[in-house]
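Visitor: Got a sequence here, can you build the structure:
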Amino acid sequence: MKNKSLILKIFLYLSIFSFLILFFIWLLQILLLNKYYEYYKTEELSNTLNLIKNNYNSDTFYNTLENVAYNTDFCIEITSDNETIYSNIKNNKGCIDSNSNARVLKEKLEFMNSDKEYFKLKIVNPTFNNMTLLYGVKLEDSEYVFLNTSLEPIDTTIDVLKNQFIFVSLIVIILSIIIAYFISRSLSKPITKLTNSAKSLSNGNYNANFNVDSDILEIQELGSSLDYARNVMKKTDELRRDLLSNVSHDLKTPLTMIKAYAEMERDLDVSKEKHENNMNIMIEEVDRLTILVNDILNLSKLESNIEELKIEEFDLTKLINTIVNRFKIFSYTKSYQFILNNEEELIIKADKQKMEQVIYNLIGNAINYTGENKLIYINVLNNKRNIRVEIKDTGKGIKKEEIDKVWDKYYKSEKKYKRQTIGTGIGLSIVKNIFILHGFKYGIISKENEGSTFWFEIPKVKKTGSK
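Guide: Take a look at the predicted model:
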């Protein structure tokens, strides 16, 4: 089956729906009208006979007959000992006179001479050439009541309604086609616009417009979702370009240095002391490359959710003290001061290696961005339900609108690249993903020109027997 456009499908469905409604109305009102009329009259005859029979010996019997005759088009005849004692046949149009119809007379006499309680006969009335239903019921030993009525709607109103329905059907068909066209166009127009914008987005146009003029909630939500996807794709593409640019820069610098010192070793006759210095520089640059590659691999694993946690119990205080001691070299060489405020022993459950990455990266980040006083604060707070770790610098702080962006890969408040004292530029992204993987709460408190505090909270380990 060939694919059809949305506007054509909606138009076809609405048109078919309209035709089906007309078909069922036509079926019920025209083709099945006589059958329904026959069923209706049969039920009405039966109910009327029961009414007459139940009121036969009452004082209001003849009043009941008059009411039935007045409110219906039934032809009523009551006989006693083969003599008619009540009849309204002469006054009703369409009644069949049993005395003038040999077959009816014969059937009635056979019924009255039998032991049957009920009598039913369907016959064509020769006077009006219409199908007539005759019902009879035994009242007492020699008294019977007979009712007959036409089974065909012979009133001219019925013919008028049929002709009118044909005319109305034609009008409805034309209106249905017109309305179906405009409805299908109204529904498909915004969707077609969204489709074209989505195609444009797939070709790299991040200025594609997904705002549609529609009052349909689902279409509005679709437009909002596509617009959100566009913004995410745009941001991701910008991050990708920044990542490639920054990684390329980080790779290029050490490679250039390694090449330069290697060429120096090859082309120049250097002293033993100079030779050792050159080798040490090349080894340091290779280490820098190794750290960068490992960070990229770690981040890729974390973002792909393929990294598994190795949960164990360990002393957080001891881990933080060990890491701070590693950074003491910056105290001797560059006058950094690390102010540590923690408890003696704090046992937590987490992936020890990844928590080491977290603390290492956060302290490294504080070293890069602390103020001229080169102060870095590490606070470990033993709260009632959790352990809160805060690592604070005294730098310029972060603008409020940029705080959430800090966790992005290679995010910088200034576009111009500046080499950091330590780290690769993707450390905070690794930290964020480790927090997410553990389910820890984390965040940043920052004020411009007052510094930034990076914090995270670790649930306390429940002691044995505690609730």
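Visitor: I'd assumed residue 388 was in contact with residue 460.
Guide: No - here residue 460 lies out of contact with residue 388, judged by CB atoms under 8 Å, at a distance of 10.8 Å. Yep, even glycine has a C-beta here, placed from its N, CA and C like the rest.
Visitor: Settle it for me: which of the two has more neighbours?
Guide: residue 460 (17 against 14; other CB atoms under 10 Å).
Visitor: pLDDT score for that one?
Guide: The model reports residue 460 with a pLDDT of 88.
Visitor: Distance of it relative to residue 350?
Guide: 12 Å (CB to CB, to the nearest Å).
Visitor: likewise residue 75?
Guide: 98 Å.
Visitor: got it, and residue 166?
Guide: For residue 166, the distance to residue 350 - CB to CB - is 82 Å.
Visitor: So between those two, which is more surrounded?
Guide: Legend: neighbour count by other CB under 10 Å for residue 166 and residue 350, higher for residue 350 (23 against 11).
Visitor: Give me the three-state assignment for that one.
Guide: strand (DSSP: H, G, I helix; E, B strand; the rest coil).
Visitor: Grab the nearest non-local neighbour of it.
Guide: residue 438 (5.9 Å; CB to CB, 6 or more residues apart in numbering).
Visitor: Let me see the contact set for that neighbour.
Guide: Shown in contact with residue 438 (CB atoms under 8 Å, 6 or more residues apart in numbering): 309, 350-351, 354, 458.
Visitor: Take those residues and lay them out in JSON lines including distance to residue 117.
Guide: Below are these laid out as JSON lines (distance: CB to CB, whole Å):
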{"residue": "309", "distance to residue 117": "89"}
{"residue": "350", "distance to residue 117": "93"}
{"residue": "351", "distance to residue 117": "94"}
{"residue": "354", "distance to residue 117": "95"}
{"residue": "458", "distance to residue 117": "93"}
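Visitor: wait, which of those is closest to residue 103?
Guide: Nearest to residue 103 out of these is residue 309 (CB to CB; 98.1 Å).
Visitor: Count the neighbours of that closest one for me.
Guide: Residue 309, neighbours per other CB under 10 Å, totals 13.
Visitor: what does residue 59 give?
Guide: Neighbour tally, residue 59, other CB under 10 Å: 7.
Visitor: and it, what are its phi and psi?
Guide: phi -70, psi -20 (degrees, to the nearest 10).
Visitor: Just the pLDDT at it, thanks.
Guide: 85.
Visitor: residue nearest the centroid of this protein?
Guide: Among the residues of the chain, the one closest to the centroid is residue 218, at 8.6 Å (CA atoms, centre = their mean).
Visitor: For it, give its distance to residue 200.
Guide: Residue 218 is 22 Å from residue 200, by CB to CB.
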